[in-house]
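> would you be able to build a 3D model of this:
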Amino acid sequence: MTHSFFLGTSSEDFQVNQPESSVLAKAGDVITLGCNIPAPSPVGPVLWFKDAKLERKLIYSFNGRRFPRVSQVVNPMANQTDYSIRISDVSPKDAGMYYCVKLTIGHPDMAYIAGPGTYVSVSGVTNEMFKVQQAEISQTVSPGETLTLSCSVPDSFPNGPVLWFKGTGPNRELIYNFQRGLFPRVNQVGNMAKAGNKDFSIRINEISLKDAGTYFCVKFKEGKPDIEYQSGRGTKVTVTGLSEQSKGSEWQVLQPEGPMLVAEGETLLLRCTVVGSCTDDMIKWVKVSNQNQQEIYNFKHGFFPGVMPMIQKMLEPLNCDYSIYIHNVTKKHVGTYHCVRSDGSSEYSGKTLDEGTSVLVKGEYQALQVTTFCSDLSPFTCIIHLYPQFCKL
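Numbers count the residues shown, from 1 in each chain. Below is the predicted model:
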């Protein structure tokens with residue numbers, strides 16, 4: 001019987017097969033998670049998710065997007081039935097239940113059908129002498145403070161630069177390059193001139209709420225171009241408290257990502273953390289495009305085809321995650337997206353609409369009209385003409 005993993009109805013005539021019910025591995029191993037979907041199958045993408053306790057995480061999608069340590073076993077374009085994936089360098093944090101999920105898109109319904117799941121168990125420890133090491137799994141700081149992110153890189157690694165990034169995937173943000181570039185507020189800790197230096201720690205000054213996120217220390221192998229060699233496990237940074245500008249408020253909406261560029265057909269993840277509130281009936285997502293406001297998702301009520309919330313996870317007391325997925329992106333999704341918390345005095349708060357996440361969709365010529373809002377809620381609009389053929393993507 002088909003397993004109902006998300007909201008939607010199952011079909012007895014269509015099944016997602018995961019042949020292994022469980023996989024046992026040691027730290028550092030490479031594991032393969034099998035998934036077979038019979039052909040022909042309904043139109044829609046295939047995704048892999050990890051479901052551990054209250055957290056549901058996207059592990060892989062077959063749309064060309066890069067997922068560290070995860071790759072497809074065969075090309076689905078050549079084999080329309082095999083959607084198996086391979087995970088390299090597993091560690092104990094990879095333990096959990098993994099689901100291969102088929103999304104079938106209808107009009108207007110979207111049904112979610114998943115396999116029975118494969119549980120991964122990981123034992124043992126890795127050889128830290130051959131790893132990029134980030135000592136802290138997580139750190140919590142307040143606005144205005146200085147944050148130190150530690151990183152140690154073995155000197156036995158091949159020649160090549162070390163870079164710090166915030167986030168993963170094609171939209172990750174470069175935080176620091178030890179060889180070149182100007183990075184306000186960020187300084188190196190170690191002595192780069194010292195022979196055999198292993199310390200690639202950095203210090204970020206004047207922390208603000210926008211600095212929340214997960215930071216990765218990444219070693220590259222020298223080449224033309226340089227090739228990513230190994231990444232640290234990441235350090236998750238949570239920023240609590242109120243900045244000077246937000247004193248007097250009881251809550252703050254945080255969208256940590258800037259402009260995002262996605263291709264048609266991809267799955268878009270829009271992140272939002274509400275600091276100081278976990279009240280679902282006051283949170284919604286709004287898209288602003290061509291001076292029009294459109295409600296994209298409401299956590300209290302409504303049906304929103306193609307949009308799915310992440311399982312809400314309380315990051316810490318009164319800090320909650322209200323991120324959403326938008327599946328099968330098209331050019332109509334171009335615009336600026338705002339995570340909105342109503343304060344009861346107005347439909348939308350000006351404090352939450354003067355920022356947002358701008359989304360561009362790869363394609364032909366586009367004229368993007370971006371609207372932002374002043375403190376008095378009067379709109380300010382500019383038109384940006386985009387010619388992707390002249391851009392290096």
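
> residues in a beta bridge with the residue nearest the centre of the chain, which ones?
Closest to where the C-alpha atoms of the chain average out (C-alpha atoms, centre = their mean) is L269, at 6.0 Å. Beta-bridge pairing for L269 (DSSP bridges): Y325.

> and the gap between it and G117?
L269 sits 22 Å away from G117, going by C-beta to C-beta, to the nearest Å. To be clear about C-beta, it is placed using only N, CA and C from the backbone, and glycine gets the same treatment.

> could you check the pLDDT of the closest residue to S21 other than its chain neighbours?
Leaving aside its sequence neighbours, S21 sits nearest to T118 (C-beta to C-beta, 6 or more residues apart in numbering; 6.5 Å). With respect to pLDDT, T118 has a value of 90.

> before we move on, back to that, so the residue nearest to the centre of the chain touches S323, yeah?
Yes. Taking C-beta atoms under 8 Å as the definition, L269 is a contact partner of S323 at 6.4 Å.

> what helix or strand is T168 on?
Per DSSP states H and E: T168 is located in neither a helix nor a strand.

> quick one, phi/psi of the closest residue to it other than its chain neighbours?
Closest residue in space to T168, ignoring its immediate chain neighbours: P68 at 5.8 Å, by C-beta to C-beta, 6+ apart. The phi/psi pair for P68 (degrees, to the nearest 10) reads phi -50, psi 130.

> now do P92
Torsion angles at P92 (phi, psi; degrees, to the nearest 10) stand at phi -50, psi -30.

> and it, how far is that from S121?
In this view, P92 and S121 are 9 Å apart by C-beta to C-beta.

> check P68 too.
Per C-beta to C-beta, P68 is found 21 Å from S121.

> who has more neighbours, those two?
More crowded of P68 and S121, by other C-beta atoms under 10 Å: P68, with 16 against 13.

> quick one: pLDDT of that one?
Per-residue pLDDT puts P68 at 86.

> next: M314.
In this model, M314 is scored at 57, pLDDT.

> for Y60, same thing?
Y60 is given a pLDDT of 93.

> check N290 too.
Confidence at N290, expressed as pLDDT, is 78.

> does R233 touch E136 like I think?
No. Counting by C-beta under 8 Å, R233 sits too far from E136 to count as a contact (9.9 Å).

> neighbour count: those two, which is higher?
Neighbour totals were compared for R233 and E136, and R233 leads with 18 against 15 (other C-beta under 10 Å).

> any figure for the gap between that one and W48?
Separation of R233 from W48 (C-beta to C-beta): 20 Å.

> one more: N298?
28 Å.

> what do you get for I202?
Distance check for I202 against W48: by C-beta to C-beta, it reads 32 Å.

> more neighbours: which of those two?
Each of I202 and W48 has its neighbours counted (other C-beta under 10 Å); W48 has more, 26 against 21.

> name the element the more buried one belongs to?
Under the criterion of DSSP H and E, W48 resides in strand 46-52.
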